[in-house]
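Colleague: coords below, sequence missing:
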Ligand SMILES: Nc1ncnc2c1ncn2[C@@H]1O[C@H](COP(=O)(O)OP(=O)(O)OP(=O)(O)O)[C@@H](O)[C@H]1O
């Protein structure tokens with residue numbers, strides 16, 4: 001490093017780590033050389049876990065890394081690649097990635113990926129919902145379980161009474177859908193449905209609510225996740241609601257946790273909570289109402305068939321059993337994403353079989369079921385469909401690592417030694433396999 005570089009290095013390092021975008025750079029061999037703080041936050045990984053990865057290791061893993069690899073191989077940039085997945089900490093993340101090849105005097109010396117975390121931005125909206133698609137009504141909600149039937153019955157009552165409603169439930173349980181269904185149940189109907197999404201740090205939009213919602217007629221305002229607003233913004237929202245006058249407006253809010261706890265730990269303003277509690281509706285997580293899983297799948301596949309002409313119609317009994325055992329931390333949204341993933345890879349199949357489940361899901365199941373992949377799964381048999389090579393290699397890696405770990409009584413150092421890799425490398429692979437990305 002020359003003197004100028006030495007002088008500039010701390011500045012570069014500072015800038016890279018303070019950047020609001022994830023930055024991941026690899027050299028020409030695919031080895032990670034930059035992995036900034038934002039990228040760590042997005043992926044839930046640590047620098048040590050990625051720093052000594054080689055191009056071959058990168059090959060087997062997630063989409064984003066293969067984008068880096070592709071760009072490294074082709075020398076052509078890839079822009080605006082969007083992905084949504086649950087990261088290692090179980091958070092749903094949506095990123096938009098730009099990946100660039102880096103040349104020095106005509107020689108390709110590496111590639112850089114810039115990832116924008118748009119999870120919050122995507123939700124930062126104040127807009128009339130679904131202007132151009134069918135309005136959502138209670139009829140479209142899957143409510144087979146007694147718990148969901150009770151939710152719908154109370155929501156219908158709330159719409160009749162036209163009183164403020166508080167929806168309480170984990171992410172992905174359908175709060176948005178219920179809010180919109182309440183709006184569409186109102187008689188006489190309200191002109192506009194506005195969704196005020198509070199998932200963003202910058203909630204200055206609350207300051208302009210008066211102007212934004214200045215409509216002649218009655219409207220519905222759905223304040224999604226008010227518990228994510230700062231107390232100062234909650235006070236502003238409360239002041240707006242109190243002053244909004246017209247009795248015909250329908251106000252709905254949602255929170256992601258138990259209100260008593262949120263108030264106790266200072267995350268939710270008591271007055272704002274009381275404003276909405278004429279009807280407090282708790283939407284149970286999917287793991288507490290598993291009767292809704294299969295009807296959702298049937299309805300999803302039927303609507304996909306209608307819209308895209310796909311051939312999928314149902315799921316195999318063993319897959320059904322797995323789905324009923326799984327806890328679905330991302331609730332209906334996670335199930336929907338999983339089905340999207342399966343359906344987008346399906347061709348002529350009419351039934352979702354175990355082999356069609358993405359690896360990350362199967363690994364979670366294997367952990368849960370004590371029913372891991374078997375050596376038999378890797379033998380080519382005439383009566384069994386062949387897997388795509390990429391899938392086969394991923395499965396084989398998962399199997400091999402699990403067996404190697406077992407052989408060495410889960411001792412990372414010994415297993416890594418036996419496999420001829422570093423501890424970090426092995427840990428990284430194991431974590432990736434366990435938490436796999438969709
Ligand atoms: N009962 C249901 N019937 C049909 N689809 C559902 C149901 N519940 C959820 N979904 C689907 O699951 C996805 C997530 O639902 P929704 O956005 O309403 O969840 P949410 O609780 O508002 O999540 P968040 O708190 O993250 O905003 C949507 O695509 C929705 O269509």
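Modeller: Good, I have the coordinates. Computed from a prediction, not measured in an experiment: that's the story for all the values here. Numbers count the residues shown, from 1 in each chain.

Colleague: For the stretch 201-350 of the chain, give me the ranges with low pLDDT.
Modeller: Applying pLDDT under 70 to the stretch 201-350 of the chain flags residues 201-208, 211-216, 245-246.

Colleague: can you give me the strands for it?
Modeller: For the stretch 201-350 of the chain, strands defined by DSSP state E, counting those that start in this stretch occupy the ranges 219-224, 250-255, 279-282, 314-315.

Colleague: Need these in CSV (columns: mean neighbour count and distance to the ligand).
Modeller: C-betas here are computed from N, CA, C, even on glycine. Listed next are the strands of the stretch 201-350 of the chain as CSV, based on neighbours: other CB atoms under 10 Å; distance: least, CB to the nearest ligand atom, whole Å:
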stretch, mean neighbour count, distance to the ligand
strand 219-224, 24, 6
strand 250-255, 25, 6
strand 279-282, 18, 12
strand 314-315, 19, 17
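
Colleague: Can you check the pLDDT for residue 387?
Modeller: With respect to pLDDT, residue 387 has a value of 77.

Colleague: Please disregard the earlier target; I meant residue 88.
Modeller: pLDDT at residue 88 comes out at 54.

Colleague: picking that back up, TSV please, covering the strands of the stretch 201-350 of the chain and showing distance to residue 332.
Modeller: What follows is the strands of the stretch 201-350 of the chain, written out as TSV (distance: least, CB to CB, whole Å):
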stretch	distance to residue 332
strand 219-224	16
strand 250-255	15
strand 279-282	15
strand 314-315	16
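
Colleague: Nearest to residue 341, out of those?
Modeller: strand 314-315 (14.0 Å; CB to CB).

Colleague: For residue 272, give its distance to residue 232.
Modeller: Distance of residue 272 to residue 232, given as CB to CB, to the nearest Å: 12 Å.

Colleague: Check residue 164 too.
Modeller: From residue 164 to residue 232 the distance is 21 Å (CB to CB).

Colleague: So these two - more neighbours on which side?
Modeller: Neighbour count, other CB atoms under 10 Å: between residue 164 and residue 232, residue 164 has more, with 20 against 11.

Colleague: tell me the contacts of that one?
Modeller: Residue 164 sits next to 250, 251, 252, 253, 275, 276, 277, 278, 279 when contact means CB atoms under 8 Å, 6 or more residues apart in numbering.

Colleague: Which of the residues you listed sits closest to residue 71?
Modeller: For these, the nearest to residue 71 is residue 253 (43.9 Å; CB to CB).

Colleague: doesn't residue 168 make contact with the closest one?
Modeller: No. Using CB atoms under 8 Å as the test, residue 253 is too far from residue 168 to be in contact (9.6 Å).

Colleague: Count the residues that sit near whatever residue of the stretch 101-250 of the chain ends up closest to the ligand.
Modeller: The stretch 101-250 of the chain approaches the ligand most closely through residue 174 (2.6 Å), counting by CB to the nearest ligand atom. Applying other CB under 10 Å, we find 22 residues neighbouring residue 174.

Colleague: Likewise for residue 385?
Modeller: 9.

Colleague: what's the burial count for residue 236?
Modeller: When neighbours are defined as other CB under 10 Å, residue 236 has 17 of them.

Colleague: ah, wrong one, I meant residue 74
Modeller: 12.

Colleague: Same check on residue 400?
Modeller: Count around residue 400 with other CB under 10 Å applied: 13.

Colleague: Now name the helix or strand holding it.
Modeller: helix 389-407 (DSSP states H and E).

Colleague: Who are the packing partners of that helix?
Modeller: helix 359-369, helix 412-419, helix 423-435 (3 or more CB pairs under 8 Å, 6 or more residues apart in numbering; DSSP states H and E).

Colleague: looking at the ones you listed, which is closest to the ligand?
Modeller: helix 359-369 (17.1 Å).

Colleague: Relative to residue 239, how far out is the closest residue to residue 263 other than its chain neighbours?
Modeller: Of all residues not flanking residue 263 in the chain, residue 270 sits nearest, at 5.5 Å (CB to CB, 6 or more residues apart in numbering). Distance of residue 270 to residue 239, given as CB to CB: 15 Å.

Colleague: Specify the residue ranges that define each domain of the protein.
Modeller: The record's domain split for the chain, according to automatic domain parsing, is 11-120, 124-284.

Colleague: what's the closest of the ones you listed to residue 409?
Modeller: Per CB to CB, nearest to residue 409 of the domains of the chain: domain 11-120, 22.4 Å.

Colleague: Where does the stretch 201-350 of the chain get nearest to the ligand, residue-wise?
Modeller: For the stretch 201-350 of the chain, CB to the nearest ligand atom, closest residue to the ligand: residue 332, 3.3 Å.

Colleague: I'd say that residue and residue 286 touch.
Modeller: Yes. The pair residue 332 and residue 286 passes the contact test of CB under 8 Å, sitting 6.0 Å apart.
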